[in-house]
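Engineer: what's the 3D shape of this:
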Amino acid sequence: MSKPKIIKITITGPESTGKSLLARQLADHYKTVWIPEFARIYLSKIDKPYNYDDILAIARGQVQSAEAIMPKANKICFSDTELLMTKIWCDVKYGTCHPWIIENLKKQDFDLYLLMDIDLPWEFDPLRENPHQRKFLFDRYKNELDKLGFNYRIISGVGEERLENALSFLKAIL
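Structural biologist: Predicted structure coming up:
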């Protein structure tokens, strides 16, 4: 007997919008696993400023993490980011993006993208770089999702309201 299809939900959007927190909360709610943001793991281990090629290594690491964790899911799996994030990061930082990222982004098969709104206050983190480009980045994510034809919902709200908004969208597809 084959294992039922896992519903794959990814959380994407600009920095400091609560992606990691929401991924953990949703995984806890549905008693399943979540895929952490590989960039944080990678960047904490290198002892130099990152470069263009590091973003490709991060993208590949994110995909490998997803492949390793996804089979452990209980019907639904949440990913704290995916290749859209690395594409936009690469484009904004370097003005171009690795072909591997673009090619594999088009192959992603998430059932739903949760695009995090910028209605939360910016919180400093040494890995964050764009406190003054939040609207620009949010619009960039939205435009890319539209262009790629990916199914997405915008998640807004503060505190529990943000989680409840995400849960209401998920109930509609489950």
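Engineer: going forward, measure contacts and count neighbours with C-alpha atoms only.
Structural biologist: Fine.
Engineer: Report the secondary structure element holding the nearest residue to Leu167 once chain neighbours are set aside.
Structural biologist: Leaving aside its sequence neighbours, Leu167 sits nearest to Leu26 (CA to CA, 6 or more residues apart in numbering; 7.7 Å). For Leu26, the element it lies in under DSSP states H and E is helix 19-30.
Engineer: That helix - contacts with which helices or strands?
Structural biologist: If contacts are counted by 3 or more CA pairs under 8 Å, 6 or more residues apart in numbering; DSSP states H and E, helix 19-30 sits against strand 7-12, strand 34-35, strand 76-80, helix 160-173.
Engineer: Counting neighbours, show which residues of that helix come out buried.
Structural biologist: 19-20, 22-24, 26-27 (16 or more other CA atoms under 10 Å).
Engineer: now swap in stretch 99-106 and tell me
Structural biologist: So for stretch 99-106, counting by 16+ other CA under 10 Å, buried means 101, 105.
Engineer: what's the distance between that stretch and the middle of its chain?
Structural biologist: 15 Å (CA atoms, centre = their mean, to the nearest Å).
Engineer: what does that stretch contact?
Structural biologist: 56, 59, 83-84, 86-87, 148 (CA atoms under 8 Å, 6 or more residues apart in numbering).
Engineer: Would you indicate which residues of the longest helix anywhere in the chain are buried?
Structural biologist: When the chain is parsed with DSSP state H, its longest helix is helix 52-69. Using 16+ other CA under 10 Å as the test for burial, helix 52-69 gives 54-56, 58-63, 65-66, 69.
Engineer: can you list the residues you listed in TSV and add distance to Cys97 and pLDDT?
Structural biologist: Shown next, in TSV, are the buried residues of helix 52-69 (distance: CA to CA, whole Å; pLDDT from 0 to 100):
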residue	distance to Cys97	pLDDT
Asp54	12	97
Ile55	9	97
Leu56	9	98
Ile58	13	97
Ala59	11	98
Arg60	13	98
Gly61	16	97
Gln62	16	97
Val63	16	97
Ser65	21	96
Ala66	21	95
Ile69	26	96
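Engineer: Ile118 against Asp139, yeah?
Structural biologist: No. With contact defined as CA atoms under 8 Å, Ile118 does not reach Asp139; the gap is 10.2 Å.
Engineer: The two: which has the busier surroundings?
Structural biologist: With neighbours defined as other CA atoms under 10 Å, Ile118 and Asp139 compare such that Ile118 has more, 20 against 14.
Engineer: and of the helices and strands packed on helix 19-30, who's closest to Tyr113?
Structural biologist: Nearest of the helices and strands packed on helix 19-30 to Tyr113, taken as CA to CA: strand 7-12 at 5.0 Å.
Engineer: any idea how far the most centrally placed residue in the chain is from Thr32?
Structural biologist: Central residue of the chain (CA atoms, centre = their mean): Thr81, 1.6 Å from the mean position. Going from Thr81 to Thr32 by CA to CA, to the nearest Å gives 17 Å.
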